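Engineer: Predicted coordinates and the sequence they were generated for:
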Amino acid sequence: MTSLSLPAPAKLNRLLHITGRRADGYHELQTLFQLLDTGDTLHFTPRDDGRITLSPAVPGVAHADNLVVRAATLLQQASGCRRGADIRLDKRLPMGGGLGGGSSNAATTLLGLDRLWGLGLDLDDLAGLGLTLGADVPVFVRGRSAWAEGIGERLVPVSLDAGWFVVIHPGVAVSTPAVFQAPELTRDTPPITMARALQEGPIAWRNDCQPTVRALYPAVGEALDWLSHHAPSLLTGTGACVFCHLTQESEADRILSRVGEGWQAFKARGCDTSPLHRALGLL
Ligand SMILES: C[C@@](CO)(OP(=O)(O)O)[C@H](O)COP(=O)(O)OP(=O)(O)OC[C@H]1O[C@@H](n2ccc(N)nc2=O)[C@H](O)[C@@H]1O
Ligand SMILES: Nc1ncnc2c1ncn2[C@@H]1O[C@H](COP(=O)(O)OP(=O)(O)O)[C@@H](O)[C@H]1O
């Protein structure tokens, strides 16, 4: 195989409950991951000398820290593969936005290089490797919108009402560790069943991080207030992005046309299966 171009889609957390805290400080979650048809694109070309190159560099992220490079190196180590790759990253997703861009880049790298190098690892192996890179990587490796528990690694595929989403980035960077360290964060939401969450539907869905992020980052609250005038809106992950769900693309276009300057906004379609897995013929 000479080269491969693959999507790295975004996700939204349509519900996020924090049900507890583990001994290692990580928080136990219940969340509904919604995959989107929009995201970054990665291009992989094999090398025989074992080197991993990445261009362009992601501003503010050192080469060795980039989740693309970490995923590629991890796959080399786990498989004993001596091949390398030149990787190009077309970045469209805002960083630290709660859209899982870095995690999705890592998952696309694991699946893309597994294919390019002819390793034949299965999704269980790759999801296990992915979890060591970040809590959000396994859902992108599995490639299905999903109900998730644990720190995001126990996944059950779900079919969500796809439709359209308007996503707004209010222009501030939210620190995930800072949100999880905030003393006032709700950490004791009683666990619910997946069946109950799905039965209650979007009207009941909320994000336990939202009050804390609103308090720490007023710009996020402003975006939520503005978008909520158009449709029920929520924070995704620990932010900074906020979103609303719409059935018609024309409604999304109408809202987008009113977004003021200073906010980055886009529309995307929800999907139950990842564009990555469709491109690889896996689902
Ligand atoms: C909470 C979510 C929901 O999707 O938020 P977003 O990052 O997408 O906004 C994710 O699970 C985040 O996953 P990810 O961004 O991969 O987090 P990691 O790099 O694993 O963790 C960053 C830091 O956040 C804290 N952390 C993260 C996840 C978790 N369940 N409990 C935590 O306490 C830990 O302090 C950890 O060191
Ligand atoms: N390839 C990458 N793309 C984006 N962020 C990356 C990447 N590699 C490492 N990172 C780091 O991961 C952090 C989280 O990024 P990202 O996954 O996009 O957001 P979030 O976790 O909020 O959904 C970034 O702030 C950045 O420091």
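Structural biologist: Thanks, I have it. Ligands and ions are numbered 1, 2, ... in the order given.

Engineer: Closest to the mean position in the chain, which residue would that be?
Structural biologist: With distances taken as CA atoms, centre = their mean, residue 100 lies nearest the centre of the chain, 2.4 Å away.

Engineer: Please look at it and residue 31 and confirm they touch.
Structural biologist: No - using CB atoms under 8 Å, residue 100 is not in contact with residue 31; the gap is 11.2 Å. Any C-beta I mention is one placed from the backbone N, CA and C, and that applies to glycine too.

Engineer: per-residue confidence for residue 279?
Structural biologist: According to the prediction, residue 279 has pLDDT 98.

Engineer: can you check residue 191 too?
Structural biologist: pLDDT, residue 191: 98.

Engineer: Please apply the same query to residue 226.
Structural biologist: pLDDT for residue 226: 98.

Engineer: Next secondary structure after the helix or strand hosting it?
Structural biologist: According to DSSP states H and E, residue 226 maps onto helix 218-228. The helix or strand immediately downstream of helix 218-228 is strand 233-235, counting by DSSP H and E.

Engineer: Check which helices and strands that following strand sits against.
Structural biologist: In terms of contacts (3 or more CB pairs under 8 Å, 6 or more residues apart in numbering; DSSP states H and E), strand 233-235 is packed against helix 210-216, helix 218-228, strand 242-246.

Engineer: Which one of those lies nearest to ligand 2?
Structural biologist: Ligand 2 sits nearest to helix 210-216 of all the helices and strands packed on strand 233-235, at 11.3 Å, using CB to the nearest ligand atom.

Engineer: then the closest one to CSV, C-alphas only?
Structural biologist: Extracted as CSV, the C-alpha positions of helix 210-216 are listed here (Å, rounded to 0.1, in the frame of the first residue of the first chain):
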residue,chain,number,x,y,z
GLN,A,210,-21.4,22.7,32.8
PRO,A,211,-22.1,24.7,36.0
THR,A,212,-18.4,24.5,36.9
VAL,A,213,-17.2,25.5,33.4
ARG,A,214,-19.7,28.3,33.3
ALA,A,215,-18.4,29.7,36.6
LEU,A,216,-14.7,29.4,35.6
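
Engineer: Buried residues, that helix. List them.
Structural biologist: Using 16 or more other CB atoms under 10 Å as the test for burial, helix 210-216 gives 210, 211, 212, 213, 214, 216.

Engineer: what's the domain layout of this structure?
Structural biologist: 4-158, 164-271 (automatic domain parsing).

Engineer: chain center to the shortest one, what's the gap?
Structural biologist: So the one you mean is domain 164-271. 14 Å (CA atoms, centre = their mean, to the nearest Å).

Engineer: Give me every residue in the stretch 1-150 of the chain lying close to ligand 1.
Structural biologist: Within the stretch 1-150 of the chain, the positions lying close to ligand 1 (CB under 6 Å from any ligand atom) are 13, 25, 26, 27, 29, 98, 100, 103, 134, 135, 136.
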